[in-house]
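# Here you go, sequence then predicted model.
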Amino acid sequence: MSINTAQLTAACIAFKVPVPPAVTDAEAVVTGAEKLLASIRTESAPDLGAVTAKTVQKTYDQAVAWLTHSERERIAEQMLALWRPRVSEAWRSRIGPLCEAFRKPFDDAVANFSAAYDELHPIADPTTGLPDASRAIDAGMADTYDRYAKAGAKLTQLGALREMFATEIPVDLGVSGGGANGYQQISRIARITSRDLASQLPALLGGHRAHDSGWYAALLRTPGVKVMWQTSEDQPKWLALGKVA
């Protein structure tokens, strides 16, 4: 599976996580090769019949260069074909440290989201239990809702990133049954301290799309769940479940 380098780059920029040097080095080679290939492809055969006394040398140099045009283009293409995959390989080689590096941005977003959610809870929509923009505005809490929405957007972006990390560093928690996939997903961004609760969580969150604001709000208000970034090394430490019924 090809790693989503654009997603990783965007996340590093958004959350001020340094891009690994091996990645920047590989990307610099790719950028240079792309510029070289583009330059070669702008070349054209000179018109020897249009030479003037002032352009003899220039036209001659162009004609000599044109003799190797196809070969130089082929070499530049080979260079690109070789180095483009190396960008992905460079990202992949640093997935473990990168996963750890996004812990603080995620946990900070959780803290901001949770604080704003608690402030807005008294005026939440009685049907969904979630903060509502119009209610917040009417209550003079537009700034609080803005903090809630921005933190929720960060959690959504980081949650999607954590899912991608999971494809690169899969963890088998020994969980099976109907809630297995849901538990695996939740265990990447939360500590679950109850075996019974683990089996119930996927159903409790079934009305929300994974990693949207409502999903995180539901997790936050569930006793026994602590929303926090979990690396592949963290996940097995908090529950050795056996099976989820």
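Ah, there it is.

# what about Asp61, distance to Thr52?
Distance from Asp61 to Thr52, counting by CB to CB, to the nearest Å: 15 Å. C-betas here are computed from N, CA, C, even on glycine.

# The two: who's more crowded?
Asp61 (11 against 8; other CB atoms under 10 Å).

# where does Val227 fall, phi/psi-wise?
Val227 adopts backbone torsions of phi -80, psi 120, taken as degrees, to the nearest 10.

# For it, list the residues it contacts.
110, 114, 189-190, 216, 219-220 (CB atoms under 8 Å, 6 or more residues apart in numbering).

# Give the other helices and strands that the longest helix seen in the chain contacts.
Ranked by number of residues, the top helix in the chain under DSSP state H is helix 142-168. With contacts taken as 3 or more CB pairs under 8 Å, 6 or more residues apart in numbering; DSSP states H and E, helix 142-168 sits against helix 5-14, helix 95-101, helix 103-120, helix 133-138, helix 213-220.

# Next up, the contacts around the closest residue to Lys16 other than its chain neighbours.
Once flanking residues are discounted, Lys16 sits nearest to Pro105: 7.9 Å by CB to CB, 6 or more residues apart in numbering. Residues near Pro105 by CB under 8 Å, 6+ apart: 15-17, 154, 158.

# among those, which ones are buried?
With burial judged by 16 or more other CB atoms under 10 Å, the buried subset of these is 15, 17, 154, 158.

# How much space separates the nearest residue to the last one once chain neighbours are set aside from Val227?
What that stands for is Leu158. Spatial nearest neighbour of Leu158, chain neighbours left out: Phe106 (4.7 Å); criterion: CB to CB, 6+ apart. Distance of Phe106 to Val227, given as CB to CB: 9 Å.

# Pull out the buried residues from whichever strand or helix holds Asp61.
Using DSSP states H and E, Asp61 sits within helix 56-67. For helix 56-67, the neighbour count (16+ other CB under 10 Å) marks 59, 62 as buried.

# Ala33: which of the helices and strands packed on helix 142-168 is closest?
helix 5-14 (16.1 Å; CB to CB).

# buried ones in the next helix or strand after that closest one?
As assigned by DSSP H and E, the chain's next helix or strand after helix 5-14 is helix 21-41. Using 16+ other CB under 10 Å as the test for burial, helix 21-41 gives 23, 26-27, 29-30, 33, 36-37, 40.

# How about stretch 123-133?
Buried residues in stretch 123-133, counted by 16+ other CB under 10 Å: 123-124, 130-132.

# Can you pull the phi/psi pair for Arg191?
phi -100, psi 130.

# which residues pair with it across the strands?
Counting by DSSP bridges, Arg191 is bridged to Lys226.

# so it sits right up against Trp229, yeah?
No: judged on CB atoms under 8 Å, Arg191 makes no contact with Trp229 at a distance of 10.1 Å.

# Which one's more surrounded, these two?
Trp229 (21 against 17).

# quick one: the more buried one from Leu161, how far?
From Trp229 across to Leu161, the span is 10 Å (CB to CB).

# Mutual contacts of those two, please.
Phe102.

# mind checking the backbone torsions on the residue lying farthest from the centre of the chain?
In terms of distance from the mean C-alpha position of the chain, Ala53 ranks first, at 58.9 Å (CA atoms, centre = their mean). Backbone torsions of Ala53, given as degrees, to the nearest 10, read phi -60, psi -30.

# per-domain residue ranges of the protein.
The chain breaks down into these domains under automatic domain parsing: 21-93, 100-238.

# per-residue confidence averaged over the shortest one?
Yep, that's domain 21-93 we're talking about. In this model, domain 21-93 has an average pLDDT of 96.

# Same question for the last one.
Domain 100-238 comes out with an average pLDDT of 87.

# thinking again about what came up before, roughly how far does the residue farthest from the centre of the chain sit from Thr59?
Distance of Ala53 to Thr59, given as CB to CB: 11 Å.
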